[in-house]
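# whatever this is, show me its structure:
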Amino acid sequence: MENDNQQNQLVPILESKPVGVEEKEREGVFVNGFICQNCGLHFNLFSWKANRHRSENTYCPECGVKGSFIHYRKVLSSKRVRDDNSNDEIFRQVPLEGSQLMPDSIVISK
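Numbers count the residues shown, from 1 in each chain. Below is the predicted model:
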């Protein structure tokens, strides 16, 4: 019973610190939507590089199959420099509002 209570306790949400590719490598802010043709999972991947995530180099996080996707992409921002005030930056998209930090998170401090 005590172990169940420990698992159900809320984990504090950490401050979202924007990190990523070096500014000279940044191409903008992109969201890639995938639909797995094996299990049907819909998922999104965010990137600062336009062509980093493609069907042929992506694995389904649900079933593990590689390269079997319907793939969509949306440009959230074409700015090559980070704009801390923009709602289009990746660190504004994740975590989704109302999400709870899961206890299996691995937080690496610098």
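# pull up the pairing partners for the helix or strand encompassing F46, direction included.
Assigned by DSSP states H and E, F46 belongs to strand 42-47. In the sheet, strand 42-47 lines up against strand 29-36 (antiparallel) (DSSP bridges).
# buried stuff in the strand it pairs with?
V29, F30, V31, N32, F34, C36 (16 or more other C-beta atoms under 10 Å). In short, each C-beta sits where N, CA and C put it, glycine included.
# now, which of the residues you listed sits nearest T58?
F34 (6.2 Å; C-beta to C-beta).
# list the residues that contact the closest one.
Applying C-beta atoms under 8 Å, 6 or more residues apart in numbering to F34 gives the contacts H42, F43, N44, L45, S55, T58, C60, F69, I70, H71, Y72.
# setting aside sequence neighbours, what's the nearest residue to it?
Leaving aside its sequence neighbours, F34 sits nearest to F69 (C-beta to C-beta, 6 or more residues apart in numbering; 4.4 Å).
# any idea how far stretch 80-87 is from the chain center?
Centroid displacement of stretch 80-87 relative to its chain, using C-alpha atoms, centre = their mean, to the nearest Å, is 17 Å.
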